[in-house]
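Enquirer: Fold the stuff below for me.
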Amino acid sequence: MRSRNDFHCWEIDWVLTCHSYANNMIVVVDRTIPVHHAETRSYNHDVAWQQMVGFLDGLTASEKALY
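Expert: Numbering: from 1, shown residues only. The predicted structure follows:
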């Protein structure tokens, strides 16, 4: 799933989801909880955004439904 140009690990939520399902756990997402990142990120926001879009574009319809 990870491409050679993806340095920001957009797929980590999938790894944790698969681990949870494999261990008979449930996965809950609450998109109302804001996530605040540190101001001093060591990566370019535009590059990270482009990589996220590329990752999401590579998902199948079934994967997108879960995402």
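
Enquirer: Tell me the first helix or strand C-terminal of whichever helix or strand His19 is part of.
Expert: Assessed by DSSP states H and E, His19 sits inside helix 12-22. The helix or strand immediately downstream of helix 12-22 is helix 45-57, counting by DSSP H and E.

Enquirer: Can you mark which positions in that following helix are buried?
Expert: Neighbour-count burial for helix 45-57 flags Gln51, Phe55 (criterion: 16 or more other Cβ atoms under 10 Å). For the C-beta atoms, the positions are set from N, CA and C on the backbone; glycine is no exception.

Enquirer: Tell me what angle that helix forms with helix 12-22.
Expert: Going by axes from the mean of the first three to the mean of the last three Cα atoms, to 10 degrees, helix 45-57 is angled at 40 degrees with respect to helix 12-22.

Enquirer: I'd like the average pLDDT over helix 45-57.
Expert: Taken as a whole, helix 45-57 has a mean pLDDT of 83.

Enquirer: Report the distance from it to the chain centre.
Expert: 10 Å (Cα atoms, centre = their mean, to the nearest Å).

Enquirer: C-alpha coordinates for that helix, PDB please?
Expert: Taking Å, rounded to 0.1, in the frame of the first residue of the first chain, the C-alpha atoms of helix 45-57 are listed here in PDB:
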ATOM      1  CA  HIS A  45       2.500  20.600   4.400                       C
ATOM      2  CA  ASP A  46       1.900  20.800   0.600                       C
ATOM      3  CA  VAL A  47       3.900  17.700  -0.100                       C
ATOM      4  CA  ALA A  48       2.200  15.800   2.700                       C
ATOM      5  CA  TRP A  49      -1.200  16.900   1.400                       C
ATOM      6  CA  GLN A  50      -0.300  15.700  -2.100                       C
ATOM      7  CA  GLN A  51       0.800  12.400  -0.800                       C
ATOM      8  CA  MET A  52      -2.400  12.000   1.200                       C
ATOM      9  CA  VAL A  53      -4.500  12.700  -1.900                       C
ATOM     10  CA  GLY A  54      -2.400  10.200  -3.900                       C
ATOM     11  CA  PHE A  55      -2.900   7.600  -1.100                       C
ATOM     12  CA  LEU A  56      -6.700   8.100  -1.100                       C
ATOM     13  CA  ASP A  57      -6.900   8.000  -4.900                       C
END
